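Participant: Kindly generate the corresponding structure for this input.
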Amino acid sequence: VQLQAFGGGLVQAGGSLRLSCVASELIFARNTMGWYRQAPEDHRELVASISSEGAIKYGVTKYADSVKGRFTISRDNAKNTVYLQMNSLKPEDTAVYYCNTDPYYEWNGWGQGTQVTVSS
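Facilitator: From the prediction side, this is the model:
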């Protein structure tokens, strides 16, 4: 399995969750990694990304406007793991969350996502 996301669950609005995703070294090493999400009957969107050691500048983060100031992405290169700390969660954050490279490459596939449900 190349990509496995963990840490989702059911949380009340205003709560927090921390997601983790373990990737194969082939995918993780030297690639910008991102967290994506897909709500029911909606397209998959990139919510956060973090650049790799192979980038011009390591550790550069980007966020979708909808999560800016609430979500924080980080990575542990020794563990091939990317994290997403999600605070002040809202019902509209409800989705299945996946990690992958940014940009996405079709040969990666999508792997296992993790369901996040935020109740109002």
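Participant: What segments of the chain are helices?
Facilitator: Under the criterion DSSP state H, the chain contains helices at 25-28.
Participant: For this protein, give me the ranges with low pLDDT.
Facilitator: In the predicted model of the chain, residues 1 satisfy pLDDT under 70.
Participant: residue nearest the centroid of it?
Facilitator: Centroid check for the chain by CA atoms, centre = their mean gives Trp35 as the closest residue, at 2.2 Å.
Participant: isn't it right up against Ala48?
Facilitator: Yes - contact criterion CB atoms under 8 Å: Trp35 and Ala48 qualify, at 4.8 Å. All C-beta atoms are positioned from the backbone trio N, CA, C, and that covers glycine.
Participant: Now the most far-flung residue of the chain relative to its centre: closest residue in space, sequence neighbours ignored.
Facilitator: Outermost residue of the chain with respect to the C-alpha centroid, by CA atoms, centre = their mean, is Ser120; its distance is 22.4 Å. With sequence-adjacent residues excluded and distances taken as CB to CB, 6 or more residues apart in numbering, Ser120 is closest to Pro91, at 4.8 Å.
Participant: gap between the one you found and Ala29?
Facilitator: Taking CB to CB, to the nearest Å as the criterion, Pro91 is separated from Ala29 by 36 Å.
Participant: got it, and Ser88?
Facilitator: Relative to Ala29, and taking CB to CB, Ser88 is found at 32 Å.
Participant: and the residue nearest to Ser120, how many residues sit next to it?
Facilitator: The local packing of Pro91 (other CB atoms under 10 Å) involves 11 other residues.
Participant: What of Asp93?
Facilitator: Asp93 has 22 neighbours, counted by other CB under 10 Å.
Participant: how close does the nearest residue to it once chain neighbours are set aside sit to Leu17?
Facilitator: In space, not counting the residues next to it along the chain, Asp93 is nearest to Val118; the distance is 5.1 Å by CB to CB, 6+ apart. Counting by CB to CB, the gap between Val118 and Leu17 amounts to 9 Å.
Participant: which neighbours do those two share?
Facilitator: When CB atoms under 8 Å, 6 or more residues apart in numbering defines a contact, the residues bordering Val118 and Leu17 alike are Val11, Leu89.
Participant: Fine, thanks again, bye for now.
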